[in-house]
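> Quick one, fold the following:
(2 chains)
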Amino acid sequence: MAYDTSDPTAGAFDISLAHPVAVYWVALLRVITGWWFFHSGMSKLFENGLDYGYGPIYLQGMGDTVLGPLATWMGFNFPDLIAAMVPLGELLIGLGLLFGVLVRLASFFGMFFMSLFWVGNADFNHGLVNGDLMGLLMFATMIVLAAGRYYGLDALIEQTAFVQNHPRLRYLLG
Amino acid sequence: MASNQLGTIDRVMIYTSTGLILLGVVVLGIVELLDGAPYTAVKTNNAGEVVATGGIDPAIRTGLVMAGIVLLMLYGAYKMATTDSGSSV
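Prediction:
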């Protein structure tokens, strides 16, 4: 089936949002989620620049969690990189979602960040489902719904000849 | 097969990954409730110190959820790798 621009979510990976309100709502969720990470990254940059020292310390303290091997490996071996990539990554993920550019790629990294936050914070005082897990699921929702296609620049980028000739890129856009 | 139909691999990946997530959150959540107080994975005091833990280690539940999410990500990579030109995604 040819790519149908009149129904940008048609496909095996998406659901169709027929009602205009649903389209607005997905765009709103994308912008709010983007602002969440943009603000978090920007505030860290203002306060610490590219030297967010708590980042590697946080990962080093995740040893007894299910993501411990990966987190401690990153925290102990690449502390300077982590200290720079936490604020920078949050900022770029936020910008991607705010403007709707490379939303699926940005959301993939958002899920990676939120997985570390959810498992590492271990704030399960009120159960396993907390704000961190909901944030993780919000990024997954951005991927499944291809949220960048609703009032996002991905809708325009996907119409370029380059993307039309390389359809796999839609798994990073959208 | 139309691209908006799920094949066998699609179904296996989706059912398994979402099943793992639901097992970790809901099914084991019910088991934890039935197991009795403290009814949550972790109970802390005002100082943030853990004073009680639920009947199921949170690492098991978070591990199941993370396994489901990793599987979903692998499914996305598989879909990207097997996409042919002209298909909708």
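> Could you tell me how many residues sit around residue A:152?
Residue A:152 has 27 neighbouring residues, counting by other Cβ atoms under 10 Å in any protein chain shown. Every C-beta, even on glycine, is put in place using the N, C-alpha and C of the backbone.
> residue contacts, the nearest residue to it once chain neighbours are set aside?
Nearest non-adjacent residue to residue A:152, counting by Cβ to Cβ, 6 or more residues apart in numbering or on different chains: residue A:100, 1.7 Å away. Counting by Cβ atoms under 8 Å, 6 or more residues apart in numbering or on different chains, residue A:100 makes contact with A:27, A:30, A:147-155.
> Most neighbours out of those residues, which is it?
Most surrounded of the contacts of residue A:100: other Cβ under 10 Å gives residue A:148, at 32 neighbours.
> Can you name the next helix or strand after the longest helix along chain A?
Using DSSP state H, we find that the single longest helix of chain A is helix A:20-48. Using DSSP states H and E, the helix or strand that follows helix A:20-48 in sequence is helix A:54-60.
> Just the element for the residue at minimal distance from the centre of chain B, please.
Nearest to the geometric centre of chain B sits residue B:21, at 1.9 Å (Cα atoms, centre = their mean). Element membership for residue B:21 (DSSP H and E) is helix B:8-22.
> Over to residue B:51?
Residue B:51 belongs to strand B:50-53, assigned by DSSP H and E.
> chain center to that strand: distance?
24 Å (Cα atoms, centre = their mean, to the nearest Å).
> Whether whichever helix or strand comes after that strand contacts chain A - can you check?
Following strand B:50-53 in sequence order, the next helix or strand is helix B:58-82 (DSSP H and E). Yes. Part of helix B:58-82 sits near chain A under the criterion Cβ under 8 Å from any Cβ of the partner chain, namely B:58-59, B:61-63, B:65-66, B:69, B:72-73, B:76, B:79-81.
> Could you turn the buried ones of these into a PyMOL selection?
Buried members of the residues of helix B:58-82 next to chain A, defined by 16 or more other Cβ atoms under 10 Å in any protein chain shown, are picked up in PyMOL with:
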select buried, chain B and resi 58+59+61+62+63+65+66+69+72+73+76+79+80
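> Among the residues of helix B:58-82 next to chain A, give me the pair with the biggest separation.
B:58 and B:81 (33.9 Å; Cβ to Cβ).
> ok so, going back, ok, now which ones touch the residue nearest to the centre of chain B?
B:64-65, B:68-69.
> Next secondary structure after the helix or strand hosting residue B:33?
Taking DSSP H and E as the criterion, residue B:33 maps to helix B:28-34. Where DSSP H and E defines the elements, the next helix or strand beyond helix B:28-34 is strand B:42-44.
> List the buried residues of stretch A:136-144.
A:136-140, A:142-144.
> Next, the distance between the ends of stretch A:150-161.
Length of stretch A:150-161, first residue to last, Cα to Cα, to the nearest Å: 20 Å.
> Figure out how far it is from the centre of its chain.
That offset, for stretch A:150-161, works out to 18 Å (Cα atoms, centre = their mean).
> One more: stretch A:155-171?
20 Å.
> Verify the assumption that residue A:126 is located in a strand.
No. Looking at residue A:126 with DSSP: H, G, I helix; E, B strand; the rest coil, it is coil, so not inside a strand.
> which residue packs closest to it, ignoring adjacent ones?
Nearest to residue A:126 is residue B:40, by Cβ to Cβ, 6+ apart, at 6.3 Å.
> how many neighbours does the one you found have?
19.
> tell me the contacts of it?
Residue B:40 sits next to A:124-127, B:32, B:54 when contact means Cβ under 8 Å, 6+ apart.
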